[in-house]
Structure formats: C-alpha cells, structure tokens
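Undergrad: predicted model and sequence below, questions to follow.
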Amino acid sequence: MEPFGILFLLVIGLGVGIIAAMLGIGGGILYVPILVLGFHVDAFEATAISSFVIIFTSSSSAYQYWRQRRIDLRAAGTMIAMAIPGSIIGASIVTFIAETRDYLKATFGFLLIALALRDLIRTYRKRNDPKNTSDFGFSEEEENKNPNVVKLVDKQGVVFRYERNLKSGAVFGFLGGLIAGILGMGGGVIYVPAFSLVMGLPMHLATAASSSVVIFSSIVAVIIKSKALTVSTLITYGVPLATGAVIGANIGARSARKIQSAHLKLAFSILLMIVGIRLIVS
C-alpha cells in the first residue's frame, strides 16, 4: 500500500477510536464499511480485521476509564462472564441459521431503533424536569434509604449513585453476546443499553464498562475468524488502523468525562438509529 493509504488508515483509526471510546463501542460499525467500500476488502475479511483492531481500541479506552476509576468492576465482570459464552454459541450456530439471519438482522435493527427513540424521549423529559438536577443518579438521601443503591467515586471525586441490577444485566449480557455472535458484531451497541437501561448504571459508567466487555468479545471474534487474518492483511490494514485507534481511544476516553450525560445519551441514541437502519437495509 502507498504511504498516503497508510496515512489515511491512521487518520481513520484515530477518528473512529475517539468516537468508539466516548460511546463505549468497538467501532466495527464504522471500520467494516470503510474497509469494504473504501479499500475493497472482502466483507468477511473486513470483519476479522475490524475485530482485531477493536481489541486495541477497547483495551486503550478501558485502560483510561480504569485509571479514571469509572469502571464498575462487579457489573463489568458479570457482563463479561455471561457475554463470552453467548458470543461463542452465537458464532458457532450462525452457519445453521444462515437462511434466517436476514430476518434476525432486521428484527434487531428495529429493536435498536426502538431503544434509541425510547432513550431520546426519556432524555428530553428529564431535561425538561425541574427536579432533575444531577447527571449522576440518586441523591445521598436516597442512597441512605435504599440499600440497593451503589456509590462509586471516580479519581476526580465525582460521585455516582445508582441502583444496580446484576441479575437482569447477566441475562441481557448472555442474550447480547448471542446476538453479537450471530450478527458478527462487537457488541458495544448491545452492552451500553444493557448497562444503562437494564443494570441501572449512569451513562458515563455504562460506556466505561462496555469498553471492558468489548475487549473479550472481540478476542472471541478474532479466534473464530482467525482464518481470514493473514500476516499481509494485518500489516496492510490492521496495524495502521490499530495504531490510530489506540491514540484516538485515549483521547476519547479522556474527553468523555467532560461531556454531560444527556449529550452522551443523545450521541449514542443517534448511533443506535444508524446501526438499526444499516441492519434493516443491508
């Protein structure tokens, strides 16, 4: 590949890494179409390269979130423990349900759009609610009254209080991993809503926890798709993208803490709608 092409991949990795880290996703929804449409890479090979790059993207962002003390380790550990077997099963059975995969993609696409619309409506209502004065969940008084409320204090002293539901999150984690494995996705668009809507984590913590889960789901995907990863494809596409992505993910994770929760939710809801539409029409 020419030097300009390598530079272009570095810039793409940088940009996608920033977005992925801020929203708690891997970035596959962006890497794959860029590789297929922009560089004419085979679709299956593109998903394998994407999964390889996502390992570095998510590892970089998760490390930054861990340094910020914004990862709920118990919630993330629960999701990882359930998502990994789900993604393995999903990737293993995909060949047996090839005929119904398009229907599954369309159904899941409509589900993502519905989740996005629900989140947009909830965010709008909260912004217009005079009682809503905090982005960080419950008040100290509610924490004292409710034994299920969890308190997390990050490195800068920001206090998050929220009611965590590990059991429902575990079930959703398995289903999310299963769907991600079947559809060949990294799973970030599944895990963030799982952490936020099901487990009850504030949006900032949901994106942080999701980054750590995506590491493991991407490793599983790389192992399963390893036949499509040759030394030449990794050197040509994987290394430049991963290099830019690592830098971008560091920037994105550091910048995310400066963004209000409502704005983060708005950005993620827009992303969900884009992914949903892509799954329906592809």
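TA: Done, it's in.

Undergrad: for the stretch 1-150 of the chain, which segments are assigned as strands?
TA: 149-153 (DSSP state E, counting those that start in this stretch).

Undergrad: how about low-confidence regions in it?
TA: The stretch 1-150 of the chain contains residues with pLDDT under 70 at 1, 94-102, 104, 122-145.

Undergrad: swap in 90 and give it another go.
TA: When residues are selected by pLDDT under 90, those of the stretch 1-150 of the chain lie in 1-6, 19-20, 22-51, 54, 83-150.

Undergrad: any idea how many residues pack against residue 231?
TA: Counted with other C-beta atoms under 10 Å, residues neighbouring residue 231 total 8. The C-beta positions use only the backbone N, C-alpha and C, and glycine is treated the same way.

Undergrad: which residues of the stretch 151-282 of the chain fall in helices?
TA: Counting by DSSP state H, counting those that start in this stretch, the stretch 151-282 of the chain has helices at residues 166-183, 188-193, 203-224, 231-233, 239-256, 261-281.

Undergrad: sketch out the low-pLDDT regions of the stretch 151-282 of the chain for me.
TA: 151, 156, 158-194, 196-200, 202-204, 214-235, 255-282.

Undergrad: which of the helices of the stretch 151-282 of the chain sits most buried?
TA: Mean neighbour count (mean count of other C-beta atoms under 10 Å) peaks for helix 188-193 among those, with a mean of 30.

Undergrad: report the distance from that helix to the chain centre.
TA: Distance of helix 188-193 from its chain centroid, counting by C-alpha atoms, centre = their mean, to the nearest Å, is 5 Å.

Undergrad: what helices or strands is it leaning on?
TA: Judged by 3 or more C-beta pairs under 8 Å, 6 or more residues apart in numbering; DSSP states H and E, helix 188-193 is in contact with helix 3-23, helix 101-127, helix 166-183, helix 203-224, helix 261-281.
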